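Asker: I would like to see how this sequence folds:
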Amino acid sequence: MVTKETVMDALREVYDPEIPVNVVDLGLIYGVDIKEDNVHVQMTMTARGCPMHQFLSSSAEERILSLSGVKDAHVEIVWDPPWTPERITQEGRKALGWG
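Answerer: As a prediction, the model looks like this:
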């Protein structure tokens, strides 16, 4: 059975090529909804004009689809609330040399 934890673990393998931190530790994941074998993720970007928008959402969907028991995955890009650096986890801050 797919759980939020397994989805979040999978998303920890998706990295922004411009920032050496995964999308979970960057604080880009706003929500994970699982209904049977379908996974819907709400994700944001660090900025509205982010050139990696399509790459990151496609990479996240591919990674989720690789999980056993997942038939469909959809990553929705959301902008509310706006992302801020305060959303970066302690692990992300360490990777960035911020703490």
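
Asker: what secondary structure does V32 sit in?
Answerer: The three-state assignment at V32 reads strand, by DSSP: H, G, I helix; E, B strand; the rest coil.

Asker: what of T6?
Answerer: Classified using three-state DSSP, T6 is helix.

Asker: which residues does the nearest residue to it once chain neighbours are set aside contact?
Answerer: With CB to CB, 6 or more residues apart in numbering as the criterion, T6 has its nearest non-adjacent residue at 6.0 Å, and that residue is L67. Quick note: C-beta positions are derived from backbone N, CA and C, even for glycine. By CB atoms under 8 Å, 6 or more residues apart in numbering, the contact list for L67 reads 2, 6-7, 10, 39.

Asker: which SSE is L67 in?
Answerer: Element membership of L67 [criterion: DSSP states H and E] is none; it lies in no helix or strand.

Asker: how about the helices of this structure, start to end?
Answerer: Taking DSSP state H as the test, the helices found in the chain are 4-11, 53-65, 90-96.

Asker: so what touches the second one?
Answerer: The one in question is helix 53-65. 7, 10-11, 13-14, 16-17, 23, 28, 39, 41, 43, 45, 50, 70, 72-75, 77.

Asker: no further queries at this time; thank you.
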